[in-house]
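# Fold the following and give me the result.
(2 chains)
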2 protein chains.
Amino acid sequence: MKKNVLKQQSTTSIGRTLRYFGVILVGIALALLGINLPANAASHPNLVINQQDVAAMQQAITEQGAFQDAFKAKLNQVDIGLNQSIEVPLPQDGGGGYTHEKHKRNYQQMYDTGIIYQLTGDKKYAEYVKNMLLQYAALYPELPVHPKRKNSNAGKLFWQGLNEAVWLVHTIQAYDFIYPVLTQTERNTIETGAIIPVALFLSEQSPHTFNKVHNHGTWATAAVGMTGYVLNKPLWVERALYDLDLAKKGGFMRQLDELFSPDGYYNEGPYYQRYALMPFVTFAKAIEQNEPQRKIFEYRDGIILKAINTTAALSYNKLLFPLNDAIKSKGIDTIELVNGVAIAYGLNADPTLLDIAKQQNTILLTGDSLKVAQGLDQQLQQPFTFNSELYRDGKQGDEGALVVMRNGKPTDQALVYKATAQGLGHGHFDKLTWQFYDQGNEIVSDYGAARFLNIEAKSGGGYLPENTSWAKQTIAHNTLVVDETSHFNGKVKQANKHHPTIHFYDQQQNLTLASASIDSAYDDVAFKRTFALINIPQREAVIAVDILSATSSQSHQYDLPVHYQGQLIDTNFEREASLTQLSTLGSDNGYQHLWLLATANLSQYQPRDSLARVTWLNDNGRFYSHSTLVSTNTGKHQQMLFTQLGANDPNMNLRQQTAFIYRVEASDHTFVSVLEPHGKYNPAKEFTLGATSNIAALTHHQQAELSAVHIRFTDGEQYLLAINHLEQALTEQNQSVININGVQYPFNGRAQLLGPLNTGSFN
Amino acid sequence: MKKNVLKQQSTTSIGRTLRYFGVILVGIALALLGINLPANAASHPNLVINQQDVAAMQQAITEQGAFQDAFKAKLNQVDIGLNQSIEVPLPQDGGGGYTHEKHKRNYQQMYDTGIIYQLTGDKKYAEYVKNMLLQYAALYPELPVHPKRKNSNAGKLFWQGLNEAVWLVHTIQAYDFIYPVLTQTERNTIETGAIIPVALFLSEQSPHTFNKVHNHGTWATAAVGMTGYVLNKPLWVERALYDLDLAKKGGFMRQLDELFSPDGYYNEGPYYQRYALMPFVTFAKAIEQNEPQRKIFEYRDGIILKAINTTAALSYNKLLFPLNDAIKSKGIDTIELVNGVAIAYGLNADPTLLDIAKQQNTILLTGDSLKVAQGLDQQLQQPFTFNSELYRDGKQGDEGALVVMRNGKPTDQALVYKATAQGLGHGHFDKLTWQFYDQGNEIVSDYGAARFLNIEAKSGGGYLPENTSWAKQTIAHNTLVVDETSHFNGKVKQANKHHPTIHFYDQQQNLTLASASIDSAYDDVAFKRTFALINIPQREAVIAVDILSATSSQSHQYDLPVHYQGQLIDTNFEREASLTQLSTLGSDNGYQHLWLLATANLSQYQPRDSLARVTWLNDNGRFYSHSTLVSTNTGKHQQMLFTQLGANDPNMNLRQQTAFIYRVEASDHTFVSVLEPHGKYNPAKEFTLGATSNIAALTHHQQAELSAVHIRFTDGEQYLLAINHLEQALTEQNQSVININGVQYPFNGRAQLLGPLNTGSFN
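Model prediction:
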């Protein structure tokens, strides 16, 4: 079987070589332009998988292990497909519709059947792929633009050109797999009927998308570049790398320069980063196979590997952080990251990637995935490190950052502080928002995207109208809303021009801090937000501290929402609930989607220690208390509003979700809050422990660039979180002294958690 | 170590024998009354665990396996406890409060520490239990009735006498474990200070509870009866079995006669059945050890074993069906059922019980649980059979029934049809309601109980006011509500007097049916409901059919709600949504808790094929379509109302939950509906299949006692479910012929699914 394969390949190799001369003139022309020719253009397959990979895989499928299991499963699936007649329908439906899904299944089936041909050498598989390709070659030339096209980037087989590019990325690999068994006539038919027209449609005929520095551009350039390698069209490769005019204003290299920050953060967020990864890693792998001299994986300090690592790191309990437009069920086991992790492991054999691969639980039939399977079979995996980290945003790394604060194990507390740039069209108006996770669950959450992927009845499976009217609006996030308007007035163009300023990020044992600000989100309101994640091991306490200062020359309505996940248990203040009638909280900018469930007038309220506390119970069986300092005796009008999502939602598109919103009328106001996980509710085993908050009092002190939050626990223990906000970088050597009520508290570096304090009652 | 134990026991045995003579006179007196003396009263321990068990366990802990693991874990836990000082606080708090939880932990700790003493023979454990018992002996005599008592059945250590009984059930076993090492003086102190006063408090001083045929009575009689064995007070045992006056009007035997139906169904439902099981199996095991001649496990055709099996069977995906007052997180892994399954397995070695035990994943330190552990170590388990089954209700089995229809594997579809009696004080007004499950999840659901167990801030951890105002009301269930009033006007006393009539239950391959009716739930409305669960393997289709006929002499408002779990995807009719204002649907009987989200006027609506269809998407990734026949051209006013729970809920006690309600104004009306699981939504892998219903049309035909539901699928295939409603029992031999539009359809037995039909268009 193996011999058979090799024979075919060597026959082909000759044909290929002959063909090679046909492009020599082009090659010379390109050489004059300083462009290199592909190195291994004559051998097949040679994109993601090469002949050495095939040989190793042919060996591996004869031996017990994860790879053999994956092969058998795929073989079984492909064999079932082989018994079904080929259907290449006239394009008709949008996403989720029959013809859309059929064409998607077709390219996947061609890819799968093709690799099975490579591994078994059984020509019936190659035959099936060939026949399907011939049907595409017959269909494609006649196709008009897709009847259900939705935007400027239309396709022919699909409603979006994007899907067309994905089709070609898969199909060119399938073609590469069966190339050896095709006659020259068959190759001509397939290439001229399907592959070349699709590649031209994606490149010359869609210059805007092809040259765009955007993930649609990445798919298009990957498709065309890989096709260039297989069809031996070096110009196509060059265009894929450096744009249609080879002007380097667009193209794959420019995308690598601009779409990721130096820390491997993709500016649309992890959901689209995961999606964008696929063409990056696939095309990069093909480049590496064909032209290793380009050192693509070393490019820009190894940006592709960084991007893979960062995607895996931006997850909690296997799910990606839902930043910007993001469907929440996407996790590290998505096929794109399976591919990415395999290719990365193939390059660096990093045993912590095996930890991710183990959780992905998917082995692909590629040479790299074989190495992963062998690594897992040998149990070489080491824990992937989910550390606290600052991920700079912007191509230069100077457009804000995403900060992830982690506490210990992967499903321990995580605080995500989003001080990134806008993230283009998929970005949300959520400057300086946060999310909190604990024991595997979302606690303070982000709505993510309003979308039911591929469900025709829900706006054709695309983004719902409520994605714009709710999910993108500022009130849908856990950050400051001024006068019921969204950041940048909800204008993407405006938002793309600005980004937050990062003041500091500091990470110590048991204490992580970050501070950022933005003064462009509103015309005359600037706000600065500092988060700290504190761990006090001796109390088994973990606390998130949140200090948000808004300043303005005139009075505004400041709303600070907390979108909590769970059932409200209690508040330490009285709420006036709307019992028999509900109204919307507002009329625009997302407020029209909120029902006002209850209101508490905190101005009239004089709570003990001036804390307004809300306690809820999450499905994970823990209680969470959010305590906010109430500015008593300031004359400021202060309210706590309780809301539920669902108003102005005629098609019931929105998920029910609850929030409480701290509302203050003021020109300047500092919100100081702490979030505290506590206790355990276990109705199955019938016990409840620690259902009430352990925090008795909070005070906040500001003294020039120094600030401090004082925390008194219910058992009397007191701690002081002292912070130096100086703009310059601070080291452990810098000592500061904050004076509180006549007592001097010296501390070192950027910040320190002092305590338990020896003083008596502090307040 | 082992030798040491034996020595202690034999010493004790002598002391015990001497003591035995002291009660001989009582014994003679009882003998004259025809009452037997306990057989093995002289040995300790001899309640749930006897000396042979101890010897076997002592052996097992030296060998690797599940039992040794359980022992090590418990030993570790007990050792930690041993380092903490004993605290027996003055009773003060209600459920969930500190002293409540402390006393609960204390009895558990005494029990655990006592068994560790038995297994290790290390006296430090016995010493710890003794010291705690002595503290109880010092505290108890001084105690008044508990300050937070909530009902007539008050306790002293706890707010409820129920908890006091549970305390004694555990404590008497702990005392039994350490009895051998105590001096006579210590025994006297403990018995006279704590054990005897608690036992007397539970029996002589609480005659109403003790004699009550109710689970509180079971706990009390178990506690007192087991104490009778250990303290060698045969009269206490007799009283526990036959009531305080030995009149057999109450007591454990009467409870066994009355609290379970002949099929082992407990009339309060599985949630309380699980709870009630604990004292039943514990006391029964103690009776078996002490007086095997009573053949307690054979009593009433093995009712205790039936009850254990039935509890396990009344579950789905490990969780108990939430019927009546039920907290939904309770499952088959609750400690009560762990005990029950172990004791049952100890008696009958049924390998299917090991399947349940495996899922429970808890091994106890008892002789029976050791057998379970050994069975699991040897992998002897066989799948527990979750079959379709009718469980009769009522002590004679003639008070209605619970019908469970299952389709295939444990997490395949299950339809629960509740045609039971009321279930006393914890019963809900939900005659002929249903629930539906699929792929592990609730699809059409029951609210269960409105309660946060032991969370002080939520009505002290007890039942919330909304349990009465919402959870028990008819509208909270999936059954008929007439004129916005609940069944029996929401009066328990009235409800307890009536029950539905079961007309038939029939189970065939791929078809299960049941029919029941009730004419007492409303003054002048009778209703009959027939469910069928149909499996059509060649279509990979499973369909639930629901036919509900209401009849009355005058016109009423009939509401038939479906409490669906998931996100609404689509309806095939127009809804008029309340966009900016919400009002309550009604003012009483649960309606005051529903916000009216949207209304559809189905009278004006002339849908194709007259079906009103609602499709939703469950978290399990499947779509569910509920299609109801709309009676067009009848002049009946018909609406579909969409609601959300949460109105009139000042403390935000209710979970958000959505429903749609089919409302008809009529005197007679037959609701015909089908529920159909279909398709798959997988946003992680980015595919959506079969998002729309496969059912195109329904018609319903009635011809004297014969009826038929005709189903036409979207691909044109047609099926006819033909049913014979004759009251008499039918066999496969009975042939019926239903004539529909001039065509004769013969069918056999109670019902048959005919199809695919050969006719052309049927409608």
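# The longest helix seen in chain A vs chain B: in contact?
Among the segments of chain A that qualify as a helix by DSSP state H, the longest is helix A:98-120. Yes: judged by CB under 8 Å from any CB of the partner chain, helix A:98-120 comes into contact with chain B at A:101, A:104. The C-beta positions use only the backbone N, C-alpha and C, and glycine is treated the same way.
# Need the mean per-residue confidence for that helix.
Averaged over helix A:98-120, pLDDT sits at 96.
# And it, what does it pack against?
Where contact means 3 or more CB pairs under 8 Å, 6 or more residues apart in numbering or on different chains; DSSP states H and E, helix A:98-120 is packed against helix A:51-60, helix A:66-82, helix A:123-139, helix A:161-178, strand B:687-689.
# Make CSV from these and add mean neighbour count and mean pLDDT to it.
CSV is the format used below for these (neighbours: other CB atoms under 10 Å in any protein chain shown; pLDDT from 0 to 100):
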stretch, mean neighbour count, mean pLDDT
helix A:51-60, 17, 96
helix A:66-82, 16, 96
helix A:123-139, 20, 98
helix A:161-178, 25, 97
strand B:687-689, 17, 85
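# if we can go back for a sec, now do the buried residues in the longest helix of chain A.
Neighbour counts using 16 or more other CB atoms under 10 Å in any protein chain shown place A:99-104, A:106-120 of helix A:98-120 among the buried residues.
# Contact residues of the stretch 101-250 of chain A facing chain B?
So far as CB under 8 Å from any CB goes, the stretch 101-250 of chain A lies against chain B at A:101, A:104.
# Now the stretch 101-250 of chain A against chain B: closest residue?
The minimum distance from the stretch 101-250 of chain A to chain B, using CB to the nearest CB, falls at A:Glu101 (6.9 Å).
# which one is that residue nearest to, not counting chain neighbours?
Leaving aside its sequence neighbours, A:Glu101 sits nearest to B:Phe687 (CB to CB, 6 or more residues apart in numbering or on different chains; 6.9 Å).
# which residues does that neighbour contact?
With contact taken as CB atoms under 8 Å, 6 or more residues apart in numbering or on different chains, B:Phe687 is in contact with A:101, A:104, A:454, B:680.
# One more: A:Ala307?
A:260, A:264, A:266, A:273, A:277, A:280, A:340.
# export these to TSV and tack on neighbour count?
Output for the contacts of A:Ala307, formatted as TSV (neighbours: other CB atoms under 10 Å in any protein chain shown):
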residue	neighbour count
A:Phe260	26
A:Gly264	23
A:Tyr266	25
A:Gln273	28
A:Leu277	27
A:Phe280	29
A:Gly340	30
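# where along the stretch 351-500 of chain A do the helices fall?
A:351-360, A:367-377, A:465-466, A:492-496 (DSSP state H, counting those that start in this stretch).
# Same question for the stretch 201-350 of chain A.
Going by DSSP H, counting those that start in this stretch, the stretch 201-350 of chain A shows helices at A:207-210, A:215-230, A:234-242, A:252-258, A:270-290, A:299-313, A:335-348.
# name the helices or strands packed onto the third one?
Judged by 3+ CB pairs under 8 Å, 6+ apart, helix A:234-242 is in contact with helix A:24-32, helix A:215-230, helix A:252-258.
# Equivalent analysis for the fifth one, please.
Secondary structure elements in contact with helix A:270-290, counted by 3+ CB pairs under 8 Å, 6+ apart, are helix A:161-178, helix A:215-230, helix A:252-258, helix A:299-313, strand A:319-320, helix A:335-348.
# Return the angle between stretch directions for that helix and helix A:215-230.
20 degrees (axes from the mean of the first three to the mean of the last three CA atoms, to 10 degrees).
# CA atoms only: put helix A:270-290 into CSV for me.
Taking Å, rounded to 0.1, in the frame of the first residue of the first chain, the C-alpha atoms of helix A:270-290 are listed here in CSV:
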residue,chain,number,x,y,z
PRO,A,270,-10.2,35.8,21.7
TYR,A,271,-13.4,34.7,19.9
TYR,A,272,-12.3,36.1,16.6
GLN,A,273,-8.6,35.4,17.4
ARG,A,274,-9.5,31.7,17.5
TYR,A,275,-11.3,32.0,14.2
ALA,A,276,-8.5,34.1,12.6
LEU,A,277,-5.8,31.6,13.8
MET,A,278,-6.9,29.0,11.3
PRO,A,279,-5.7,30.6,8.1
PHE,A,280,-2.7,32.1,9.8
VAL,A,281,-1.4,28.7,11.1
THR,A,282,-2.5,26.8,8.0
PHE,A,283,-0.9,29.1,5.5
ALA,A,284,2.2,29.6,7.7
LYS,A,285,2.7,25.9,7.9
ALA,A,286,2.3,25.6,4.1
ILE,A,287,4.9,28.4,3.7
GLU,A,288,7.3,26.6,6.1
GLN,A,289,6.9,23.4,4.1
ASN,A,290,7.5,25.1,0.7
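# Before I go, just wanted to say thanks for your time.
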